[in-house]
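> Next one to model:
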Amino acid sequence: MKTLVILFQLLCFYLYLPAVELAPDSILTVYKDGEFVTHYKTKFKATNEVVGDVSENLISDFHNSPANLFNWALKDLGLQEKKENELTFVIKPSQFDEKTGITHGLFDIIVPNITTFKNVKIDAIVAKKTRKSGEIEVIADIIYSSLLLKNGLGTITIIPQKNDEQLLIANVRIRFGWFFNIFITKKRYKSIIEWRIKKFSENIKKECEKRQEKIPD
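As a prediction, this is how the structure comes out:
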């Protein structure tokens, strides 16, 4: 599994808000009533077929070969690199239940100079939706967390544009548990989570572009 922590950090929330107008490659986080909501969008060139393949690989790797995600979707996210005075997540093996579609994960949370939480449980459902318009949504729903979150839900939405251009929209909504709601300030959120949402989205974009370049004209 090695993805659950990033996916709640990245937690692509199914919250497409037309009122939020962002320029390409722009990111915005809003904090209200104990909840962080982050929006990011970017554009890239790739066919619908390439986008479909990449999204299928994302789901497949998450369920079957999560370690492979660190070669592309989670590349350079520095998830488990322990740094002084930084919150660190240590990911442990997880289990995917094919009958329920739920991935059960465990990880440790190291809070510098305070404490370490061992074997924090988190359950997530990660799935893909393809609409008739060609729009693709990869949805991550955190349905249970024993400590870290009250809830988290998100999406990566990729919308076809003209001339094989694609618009990628990442939306993330996170409400932390009581302890982390105090510990994670807006500044810490930006340094721990926000940049990872952007980087994860950029990794998906780069993978689509790389595969597109390999297709003969």
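> the longest helix in this protein is where?
In the chain, taking DSSP state H as the definition, the longest helix is helix 195-213.
> If you count neighbours, what's buried in that helix?
Under the neighbour-count criterion of 16 or more other C-beta atoms under 10 Å, helix 195-213 has 196-205, 207-208, 211-212 buried. All C-beta atoms are positioned from the backbone trio N, CA, C, and that covers glycine.
> Tell me the one among those nearest to Gly154.
Set against Gly154, the nearest of these by C-beta to C-beta is Ile197 (8.7 Å).
> That closest one and Ile156: what is the separation?
Look at Ile197 and Ile156: by C-beta to C-beta, to the nearest Å, they are 10 Å apart.
> Just send the buried residues of helix 195-213 back as CSV, with pLDDT too.
Below are the buried residues of helix 195-213 laid out as CSV (pLDDT from 0 to 100):
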residue, pLDDT
Arg196, 89
Ile197, 93
Lys198, 94
Lys199, 93
Phe200, 94
Ser201, 96
Glu202, 96
Asn203, 97
Ile204, 97
Lys205, 97
Glu207, 98
Cys208, 97
Arg211, 97
Gln212, 96
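> so where's the chain uncertain?
In the predicted model of the chain, residues 1-24, 78-87, 89 satisfy pLDDT under 70.
> Just give me the longest strand of it.
Determined from DSSP state E, the single longest strand within the chain is strand 115-130.
> can you count the residues close to His63?
Using other C-beta atoms under 10 Å, His63 has 18 other residues around it.
> so where does it fall, helix or strand?
helix 48-64 (DSSP states H and E).
> So which residues make contact with that helix?
The contact list for helix 48-64 (C-beta atoms under 8 Å, 6 or more residues apart in numbering) reads 1, 3, 7, 68-69, 73, 96, 103, 126-128, 130, 134, 136, 138, 156, 158, 160, 166, 204, 207-208, 211-212, 215.
> From those residues, list the buried ones, please.
Buried members of the contacts of helix 48-64, counted by 16+ other C-beta under 10 Å: 1, 3, 7, 69, 73, 96, 103, 126, 136, 138, 156, 158, 160, 166, 204, 207-208, 211-212.
> what's the residue nearest to Tyr189 when sequence neighbours are not counted in contact with, if anything?
Distances taken as C-beta to C-beta, 6 or more residues apart in numbering place Phe36 nearest to Tyr189, at 5.6 Å, with adjacent residues excluded. Phe36 sits next to 29-30, 172-176, 189, 193 when contact means C-beta under 8 Å, 6+ apart.
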